[in-house]
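Colleague: Provide a 3D model corresponding to the input given below.
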Amino acid sequence: MKTFSFIYDKLNWEEIKEKIYKKTDADVKRALASYNRNIDDFMALISPAAEQHIEYMTQISNKLTQQRFGKIIQLYIPLYLSNYCVNSCVYCGFNRNNNIKRISLTYDEIEQECKVIKEQGFDNVLLVSGESSEKANFNYLINALSIARKYFSAVLMEVQPLNTNQYLQLVKEGLYGVYIYQETYNKEKYKIYHQDCLKADFYYRLETPDRLGEATINKIGLGFLIGLDDWRTESVFMAIHIKYLEKKYWKTRYSVSFPRLRPYGNRFIPKVNITEKELIQLITAFRLFNTELEIALSTRESPKFRDNAIKIGVTNLSAGSKTNPGGYTISCDTDNQFDVHDNRSQKEIAERIKSLGYEVVWKDWFMLQNN
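Modeller: Predicted coordinates:
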């Protein structure tokens with residue numbers, strides 16, 4: 001079976017980067033005037049030449065988002081199961097070489113976390129774990145899923161890549177979706193950031209969405225970590241990846257995220273920076289490129305930025321997030337995967353969304369639409 005790797009190997013990072021940075025104002029205007037925008041149009045919209053058009057892009061993005069999704073913001077919350085990890089990703093707080101307090105929640109503790117999260121109003125939860133065959137193996141994950149399914153309509157996972165049969169089993173047990181970040185689409189840089197660990201297999205990670213598509217998962221979330229390489233080039237690779245997936249696995253829905261690297265005890269400095277203006281450009285460019293995508297924004301961003309993002313194309317927000325295992329009920333002193341920037345409670349965020357004229361949805365938007 002051909003996977004995205006077949007397409008990826010035909011792409012050249014430096015050639016795509018050069019095309020982006022050579023885009024002119026005329027290219028941008030042509031892209032803005034287009035109805036069915038292609039990859040070349042997307043390159044123009046995320047190019048430096050488009051920066052003077054960002055305000056207009058936000059207006060179009062807002063209109064397209066409301067036409068497709070209405071004035072609705074879906075809230076979700078991450079539930080961290082374990083911070084044990086066998087990987088040595090240099091940018092991550094769970095790096096196996098970091099001297100942090102490690103725990104994996106017991107099944108009783110997972111149940112406690114679920115109860116508290118449910119009481120907060122959520123019906124949409126994202127289970128997150130470090131990669132550990134001992135502390136967070138497949139059996140552990142499927143049992144955690146079974147517990148969470150008792151409380152939430154939509155249970156998603158952001159865990160280590162699994163094989164197709166494992167995904168098939170999770171889907172059978174009620175898993176609704178999976179978020180899988182490539183981290184970086186630059187194969188050579190990927191080797192530098194992921195040395196001497198399971199995650200070092202670039203292609204196995206790259207082909208994870210294919211395995212999810214084969215397992216007929218309802219929803220796949222893609223993303224790259226902003227801060228590892230040129231964000232404009234990364235975004236083109238992800239746009240190509242999404243187009244491939246939508247065509248091949250057309251029954252599955254897709255979501256994108258744009259996580260900016262956040263400090264974890266000030267131990268890693270991002271290699272590449274992106275301004276908030278540029279992040280707005282990136283978000284709106286994806287909306288203009290693909291009106292069907294859900295666009296998620298996590299608590300990595302500031303309250304002010306997240307409030308503004310509601311009006312430019314974002315459909316999903318995390319709220320009240322803790323990025324350490326047991327953070328909602330049992331433990332406040334375990335180390336975070338990253339430092340949260342928006343520390344508002346879920347209630348404060350919900351009230352702010354309403355004040356902006358939007359409706360808050362606590363379960364998966366597609367489930368609500370089809371009830």
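Colleague: residue contacts, the residue nearest to Leu168 when sequence neighbours are not counted?
Modeller: Of all residues not flanking Leu168 in the chain, Ala215 sits nearest, at 4.6 Å (Cβ to Cβ, 6 or more residues apart in numbering). (C-beta placed from N, C-alpha, C; glycine too.) Taking Cβ atoms under 8 Å, 6 or more residues apart in numbering, we find Ala215 in contact with 164, 167-168, 170-171.
Colleague: so can I have a markdown table of those showing pLDDT and secondary structure?
Modeller: What follows is the contacts of Ala215, written out as a markdown table (pLDDT from 0 to 100; DSSP: H, G, I helix; E, B strand; the rest coil):
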| residue | pLDDT | secondary structure |
| --- | --- | --- |
| Thr164 | 98 | helix |
| Tyr167 | 98 | helix |
| Leu168 | 98 | helix |
| Leu170 | 98 | helix |
| Val171 | 98 | helix |
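Colleague: and Tyr181, what element?
Modeller: Here Tyr181, judged by DSSP states H and E, is contained in strand 177-183.
Colleague: chain center to that strand, what's the gap?
Modeller: Centroid separation for strand 177-183 versus its chain: 6 Å, with Cα atoms, centre = their mean, to the nearest Å.
Colleague: beta partners for the residue most central in space within the chain?
Modeller: For the chain, the residue sitting closest to the mean C-alpha position, by Cα atoms, centre = their mean, is Ser257 at 3.6 Å. Here Ser257 shows beta-bridge partners Gly223, Ala296, assigned using DSSP bridges.
Colleague: from what I see, it and Leu297 are in contact.
Modeller: Yes. Shown here, Ser257 and Leu297 form a contact pair, counting by Cβ atoms under 8 Å, at 7.3 Å.
Colleague: who touches both of these two?
Modeller: Joint contacts of Ser257 and Leu297 (Cβ under 8 Å, 6+ apart) do not exist.
Colleague: which residues in the protein form strands?
Modeller: Residue ranges of the strands in the chain, as given by DSSP state E, are 72-82, 124-129, 154-158, 177-183, 219-224, 253-257, 294-297, 316-318, 359-361.
Colleague: so for Leu105, which of these sits nearest?
Modeller: strand 72-82 (5.4 Å; Cβ to Cβ).
Colleague: buried sites along the longest helix anywhere in the chain?
Modeller: For the chain, the helix that runs over the most residues, judged by DSSP state H, is helix 231-248. By neighbour count on 16 or more other Cβ atoms under 10 Å, the buried set for helix 231-248 is 231-246.
Colleague: what do you get for stretch 161-169?
Modeller: Per 16+ other Cβ under 10 Å, stretch 161-169 contains these buried residues: 161-162, 164, 167-169.
Colleague: stretch 151-164 now?
Modeller: Applying 16+ other Cβ under 10 Å to stretch 151-164 flags 151-162, 164 as buried.
Colleague: return the member of these nearest to Ile77.
Modeller: Nearest to Ile77, judged by Cβ to Cβ, of the buried residues of stretch 151-164 is Phe152 at 9.6 Å.
Colleague: need the contact list for Ser34.
Modeller: Under the criterion of Cβ under 8 Å, 6+ apart, the neighbours of Ser34 are Asp41.
Colleague: for Val256, see how far away it is.
Modeller: Ser34 sits at a distance of 20 Å from Val256 (criterion: Cβ to Cβ, to the nearest Å).
Colleague: any low-confidence regions in the protein?
Modeller: For the chain, applying pLDDT under 70 flags the ranges 262-268, 331-338, 365-371.
Colleague: re the thing from before, any idea how far the residue nearest to the centre of the chain lies from Ile100?
Modeller: 24 Å.
Colleague: and Tyr107, by the same measure?
Modeller: 23 Å.
Colleague: try Gly130
Modeller: According to Cβ to Cβ, Gly130 and Ile100 sit 11 Å apart.
Colleague: now Phe305
Modeller: From Phe305 to Ile100 the distance is 28 Å (Cβ to Cβ).
Colleague: returning to that earlier point: so what secondary structure elements neighbour the longest helix of the chain?
Modeller: Other helices and strands packing on helix 231-248, by 3 or more Cβ pairs under 8 Å, 6 or more residues apart in numbering; DSSP states H and E, are helix 4-8, helix 13-21, helix 39-45, helix 208-214, strand 219-224, strand 253-257, helix 276-289.
Colleague: just checking, Lys71 touches Val361?
Modeller: No. Assessed by Cβ under 8 Å, Lys71 is found out of contact with Val361, at 10.7 Å.
Colleague: looking at those two, which is more packed in?
Modeller: Each of Lys71 and Val361 has its neighbours counted (other Cβ atoms under 10 Å); Val361 has more, 22 against 14.
Colleague: skipping adjacent residues, who's closest to the more buried one in space?
Modeller: What sits nearest to Val361 in space, not counting adjacent residues and going by Cβ to Cβ, 6+ apart, is Gln74, at 4.7 Å.
Colleague: Thr208 too?
Modeller: Pro161 (4.3 Å).
Colleague: so who does that neighbour touch?
Modeller: By Cβ under 8 Å, 6+ apart, Pro161 lies in contact with 180, 204-205, 208, 211.
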